[in-house]
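Trainee: A predicted structure for the sequence below; I have some questions about it.
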Amino acid sequence: MAPSTLTALAEEKTLQASFVRDEDERPKVAYNQFSNEIPVISLAGIDDVDGKRAEICKKIVEACEDWGVFQVVDHGVDTKLISEMTRLAREFFVLPAEEKLRFDMSGGKKGGFIVSSHLQGEAVKDWREIVTYFSYPLKTRDYSRWPDKPEGWIEVTKEYSDKLMGLACKLLEVLSEAMGLEKEALTKACVDMDQKVVVNFYPKCPEPDLTLGLKRHTDPGTITLLLQDQVGGLQATRDNGKTWITVQPVEGAFVVNLGDHGHYLSNGRFKNADHQAVVNSDCSRLSIATFQNPAPDATVYPLKIREGEKPILEEPITFAEMYRKKMSKDLELARLKKMAKEQQQLQEIEKSKLEAKPLEQILA
């Protein structure tokens, strides 16, 4: 069972077993071994129809085809707002455990605080604390699940989520145009766009080489905008996990990850970013992920299939069905892996018992 908070565990000498990952899942690259392979794209001039827009769009499309990940600067989100959102988030995570646990979201509650993840049935826990805000559609906001400490965080989060909704829609316009569609096509495909803001706090870890802050995954939604501090820890792969790179933190930038929904709408042309987060024993790390998702009943199917291509989905499904299938598959793979590990351990026990027996007993 996961602890209520990670504050006390961060000071321990060894890692609790519930956080220890199998060897094949452990970090291969250090949190601060940075790579510059992920492009950093300035959005200055993106609204100039006859100006830089075409050049900016070309860079974004290339990044989506190559990695499914890129960073944006000059994005129009006020630096003061970013600083305030980051400051208030940090202040929340240093509050006493009882203050954080007033917003405990375990048991299926819609938003609040939790350790690791709200997903049920996880075999191994992630080394992180999170606060989740369900921020769009506006009519579904439940402010009773939004932490009221530190003072002012609710109002800042409202403004932050609104600004990031605008930025996400602007980026989706670019990808729509790249597919030869009207610029609202991807936003319209989301129907009533859903937004979830997840604030991740990764405390320093006693044995970071044995665990992950966030396990390897692709995001299920359309597009994700990640604000990260300068510590480092976000990693990406494009060869199915054979090699990993650590994304270079850029002050004030948003890392943009394309999700499964965006991947399917483009008929696989744009990659869904395969990524994870690693931790370290030196200092804590903070990141704020804003997930832009379609409505649960939105249709998931390629919006355009280029000549000579086949659709990557057999038939249209709803986003809710797509998400359920993804979660079920992930949990089943984890269950099978756990069973295989237990079977191997039993075989090793039997083998050691056999080796300990005298030869005459074995031959009897």
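Mentor: Ah, there it is. Residues are numbered from 1 along each chain as shown.

Trainee: where in this protein is pLDDT low?
Mentor: Within the chain, the ranges that satisfy pLDDT under 70 run 1-3, 118-121, 345, 351, 353-364.

Trainee: which helix runs longest in the protein?
Mentor: Ordering each helix of the chain by length in residues (DSSP state H) puts helix 319-356 first.

Trainee: that one packs against which elements?
Mentor: For helix 319-356, the elements it packs on are helix 260-265, strand 299-300, judged by 3 or more C-beta pairs under 8 Å, 6 or more residues apart in numbering; DSSP states H and E. C-betas here are computed from N, CA, C, even on glycine.

Trainee: where's Phe19 relative to Glu25, distance?
Mentor: Using C-beta to C-beta, to the nearest Å, Phe19 is found at 12 Å from Glu25.

Trainee: common neighbours of those two, please.
Mentor: Applying C-beta atoms under 8 Å, 6 or more residues apart in numbering, one finds that Phe19 and Glu25 are jointly contacted by Val124.

Trainee: which of these two has more neighbours?
Mentor: Remark: of Phe19 and Glu25, Phe19 carries more neighbours, 23 against 17, as counted by other C-beta atoms under 10 Å.

Trainee: quick one, what contacts that one?
Mentor: Applying C-beta under 8 Å, 6+ apart to Phe19 gives the contacts 124-127, 210-211.

Trainee: compare those and tell me which is most surrounded.
Mentor: When neighbours are counted by other C-beta under 10 Å, Trp127 leads the contacts of Phe19 with 29 neighbours.

Trainee: what helix or strand does it sit in?
Mentor: Assigned by DSSP states H and E, Trp127 belongs to neither a helix nor a strand.

Trainee: alpha carbons of stretch 194-205, as CSV, please.
Mentor: Extracted C-alpha coordinates of stretch 194-205, given in CSV (Å, rounded to 0.1, in the frame of the first residue of the first chain):
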residue,chain,number,x,y,z
ASP,A,194,-11.7,18.4,-21.6
GLN,A,195,-8.8,19.7,-19.7
LYS,A,196,-7.0,18.3,-16.7
VAL,A,197,-4.1,20.1,-14.9
VAL,A,198,-1.8,17.7,-13.0
VAL,A,199,0.9,19.2,-10.7
ASN,A,200,3.7,16.7,-10.2
PHE,A,201,6.1,16.9,-7.2
TYR,A,202,9.0,14.5,-7.3
PRO,A,203,10.8,14.5,-3.9
LYS,A,204,14.4,13.6,-3.7
CYS,A,205,14.7,9.8,-3.6
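
Trainee: gap between stretch 92-108 and the chain center?
Mentor: 21 Å (C-alpha atoms, centre = their mean, to the nearest Å).

Trainee: what residues are up against the residue most central in space within the chain?
Mentor: The centre of the chain sits closest to Asp219, judged by C-alpha atoms, centre = their mean, with a distance of 5.8 Å. Each residue near Asp219 by C-beta under 8 Å, 6+ apart is listed here: 257, 259-260, 272-273, 291.
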